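Asker: Predicted model, plus sequence, below.
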2 protein chains.
Amino acid sequence: MQDHSVHVQCGDCPIRHRAVCARCETDELNRLEQIKYYRSYQAGQTVIWSGDRMEFVGSVVTGIATLTQTMEDGRRQMVGLLLPSDFVGRPGRPTAAYDVTATTDLVMCCFRKKPFEDMMATTPHIAQRLLEMTLDELDAAREWMLLLGRKTAREKIASLISIIARRDAALHLRRPAAALSVDLPLTREEMADYLGLTLETVSRQISALKKDGVITLTGNRHVTIPDLDRLMEEAGDDSDGGMLV
Amino acid sequence: MQDHSVHVQCGDCPIRHRAVCARCETDELNRLEQIKYYRSYQAGQTVIWSGDRMEFVGSVVTGIATLTQTMEDGRRQMVGLLLPSDFVGRPGRPTAAYDVTATTDLVMCCFRKKPFEDMMATTPHIAQRLLEMTLDELDAAREWMLLLGRKTAREKIASLISIIARRDAALHLRRPAAALSVDLPLTREEMADYLGLTLETVSRQISALKKDGVITLTGNRHVTIPDLDRLMEEAGDDSDGGMLV
DNA sequence: CCCGTCGTTTGATTTGCGTCAAGGACCATA
DNA sequence: TATGGTCCTTGACGCAAATCAAACGACGGG
């Protein structure tokens, strides 16, 4: 399983960062220290509403946020999941076509747009790193398109769990071990929004996977995966797909 | 309808370019002339196979290409449509997670990766423009995720037609007029792959839209749209969605 | 001219998932 | 202990789209 991300490890950070790192003190990124600030959000709080013209660029330090799009009649589709080290925001243009919501308590490291853009202009590394990260997200989005368009409900659930497990492992610098164990950071309804299903179907398929021994549940949220390969097979991924969200 | 793309118009080019422009002779991009070359492909020919490590970065000059992902059992999902001025390729990392196929005869303008990356490092504008374009693609991909996950078959078809119509209008510098007329560049099967449907369903829904007077067909491929607003309403988009692929 | 193939349309039938509905587990507050 | 809330599970039923199947028009070659 190859890793498509640019990871930066440094100092006393426990995690590898894929984004402009808020806590690292390396090379040219140091200069960003001068223009950064932090924001905290409570679980359920809206970070950006799709009507806003987002005026900052930021990366998640702790917690989880989601990007969702909503149709007039209320149908919702999650289109992105922001885990620690991911970034949001669009240097260059004032755009936010979707809602960003904190699903857990959330701390973000933000940069005001204008100075950030100036920084990009004078420091090619930043623009390039951002480009890398955006291309990663694009790859992930395309993987999701395959999931949404062609996978069955069971495969969708298996995919989601395996992705969360792998992201979690990558974040904590663990090799994906034989047996993994993760907390699902989403409610059944949020999973449904992510997968293009209803929450009932999500619940049913999770039960089915449990019954078939692909996963075991302790409580509603904690999943342990006895055999990751088995799970990925259920997910319908060719074994070596480079899907790291 | 706001336009999210970076458009460059210049000289004798009949179209506005969103990508690194192959035929334009403006500012710092001039230097790219020294390292660029052209490639031609016939309709149906494979540009990149997902196993390749793509060794160039390029943009479409004429013709249409598609990005597709395939599951082991043959289920296919199109994840991108490359129209003139779009680019493919990933500076920085050797990656190609999907097939790129020419659906019409195709001419691409290519740059070898290494010199292109050097250029990016010394010329911040290029990295920034590429970032802009990638963010546009990401927005488009997210719009597609909503389509794939939550829209009905009829809405999917209406969305596809309206997107092609609007891209076409943007490409030819026309304002989206009251009545539009476009050639569908895809077969029913390709549309099905794009929309996460079967070709039978695509055919049925096109017939239904025709019967209801939302579109009219001349031949199999040529669509005229008497009322774009009506079509967009059928597509389920809020009237002003900035969906420009 | 017939006779392939390819892209398309249309019909009949099946099925996976959505919808509607009821109830259980858990927690906080009264 | 009762009471309401949130989140989750499970069952019964219906429908939209998939599947299976047949046939049509356009095109090219022998």
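Answerer: Sure, I can see it.
Asker: residue ranges for the helices of chain A, please.
Answerer: A:113-122, A:124-150, A:153-171, A:188-195, A:199-211, A:228-234 (DSSP state H).
Asker: now those as CSV including distance to DNA strand D?
Answerer: Quick note: C-beta positions are derived from backbone N, CA and C, even for glycine. CSV is the format used below for the helices of chain A (distance: least, Cβ to the nearest atom of the strand, whole Å):
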stretch, distance to DNA strand D
helix A:113-122, 33
helix A:124-150, 9
helix A:153-171, 11
helix A:188-195, 4
helix A:199-211, 3
helix A:228-234, 17
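Asker: May I see these arranged in JSON lines, with mean pLDDT and distance to residue A:182 as well?
Answerer: Shown next, in JSON lines, are those (pLDDT from 0 to 100; distance: least, Cβ to Cβ, whole Å):
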{"stretch": "helix A:113-122", "mean pLDDT": "83", "distance to residue A:182": "33"}
{"stretch": "helix A:124-150", "mean pLDDT": "90", "distance to residue A:182": "18"}
{"stretch": "helix A:153-171", "mean pLDDT": "90", "distance to residue A:182": "5"}
{"stretch": "helix A:188-195", "mean pLDDT": "96", "distance to residue A:182": "13"}
{"stretch": "helix A:199-211", "mean pLDDT": "97", "distance to residue A:182": "13"}
{"stretch": "helix A:228-234", "mean pLDDT": "92", "distance to residue A:182": "11"}
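Asker: Which of the ones you listed sits closest to residue B:91?
Answerer: helix A:124-150 (7.3 Å; Cβ to Cβ).
Asker: coming back round to it: could I get the helices of chain A as JSON lines with mean neighbour count?
Answerer: Below are the helices of chain A laid out as JSON lines (neighbours: other Cβ atoms under 10 Å in any protein chain shown):
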{"stretch": "helix A:113-122", "mean neighbour count": "17"}
{"stretch": "helix A:124-150", "mean neighbour count": "23"}
{"stretch": "helix A:153-171", "mean neighbour count": "22"}
{"stretch": "helix A:188-195", "mean neighbour count": "22"}
{"stretch": "helix A:199-211", "mean neighbour count": "16"}
{"stretch": "helix A:228-234", "mean neighbour count": "19"}
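Asker: CSV please, covering the ones you listed and showing distance to residue B:156.
Answerer: Listed next are the helices of chain A as CSV, based on distance: least, Cβ to Cβ, whole Å:
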stretch, distance to residue B:156
helix A:113-122, 35
helix A:124-150, 10
helix A:153-171, 18
helix A:188-195, 17
helix A:199-211, 20
helix A:228-234, 27
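Asker: which one of those lies closest to residue B:41?
Answerer: Nearest to residue B:41 among the helices of chain A is helix A:124-150; the distance by Cβ to Cβ comes to 21.2 Å.
Asker: so that closest one versus helix B:153-171, what angle?
Answerer: Taking axes from the mean of the first three to the mean of the last three Cα atoms, to 10 degrees, one finds helix A:124-150 and helix B:153-171 inclined to each other by 140 degrees.
Asker: Is helix A:124-150 in proximity to chain B?
Answerer: Yes. Judged by Cβ under 8 Å from any Cβ of the partner chain, helix A:124-150 and chain B are in contact via A:124, A:127-128, A:130-132, A:134-135, A:137-139, A:141-146, A:148-150.
Asker: Run the angle between that helix and helix B:113-122 for me.
Answerer: Between the axis of helix A:124-150 and that of helix B:113-122 there is an angle of 120 degrees, by the same axes, to 10 degrees.
Asker: show me the contacts for residue A:46.
Answerer: When contacts are counted by Cβ atoms under 8 Å, 6 or more residues apart in numbering or on different chains, residue A:46 touches A:99-102.
Asker: rewinding a little: residue B:44: which of the helices of chain A is closest?
Answerer: helix A:124-150 (21.8 Å).
Asker: Which strands or helices does that closest one pack on?
Answerer: strand A:76-82, helix A:113-122, helix A:153-171, strand B:65-70, strand B:76-82, helix B:113-122, helix B:124-150 (3 or more Cβ pairs under 8 Å, 6 or more residues apart in numbering or on different chains; DSSP states H and E).
Asker: List of residues touching stretch A:146-157?
Answerer: In contact with stretch A:146-157 (Cβ under 8 Å, 6+ apart) are residues A:159, A:191, A:195-197, A:201-202, A:204-206, A:208-209, A:234-236, B:69, B:71, B:75-77, B:79, B:145, B:148-149, B:195-196.
Asker: quick check: domain ranges of chain A?
Answerer: A:27-145, A:152-234 (automatic domain parsing).
Asker: circling back to that earlier point, and of the helices of chain A, who's closest to residue B:35?
Answerer: Each of those was scored for nearness to residue B:35 using Cβ to Cβ, and the closest is helix A:124-150 (17.8 Å).
Asker: Can the closest one be said to contact DNA strand C?
Answerer: No. Helix A:124-150 stays clear of DNA strand C (Cβ under 7 Å from any atom of the strand), getting no nearer than 10.0 Å.
Asker: any idea of the angle that helix forms with strand A:76-82?
Answerer: The directions of helix A:124-150 and strand A:76-82 differ by 140 degrees, with the same axes, to 10 degrees as the criterion.
Asker: Helix A:124-150 vs helix B:188-195, what angle?
Answerer: 120 degrees.
Asker: Up against DNA strand C, what does chain A have?
Answerer: Counting by Cβ under 7 Å from any atom of the strand, chain A sits next to DNA strand C at A:152-154, A:196-198, A:200-201.
Asker: one more time with 10 Å
Answerer: A:73, A:75, A:150-157, A:192, A:195-205, A:208, A:219-220 (Cβ under 10 Å from any atom of the strand).
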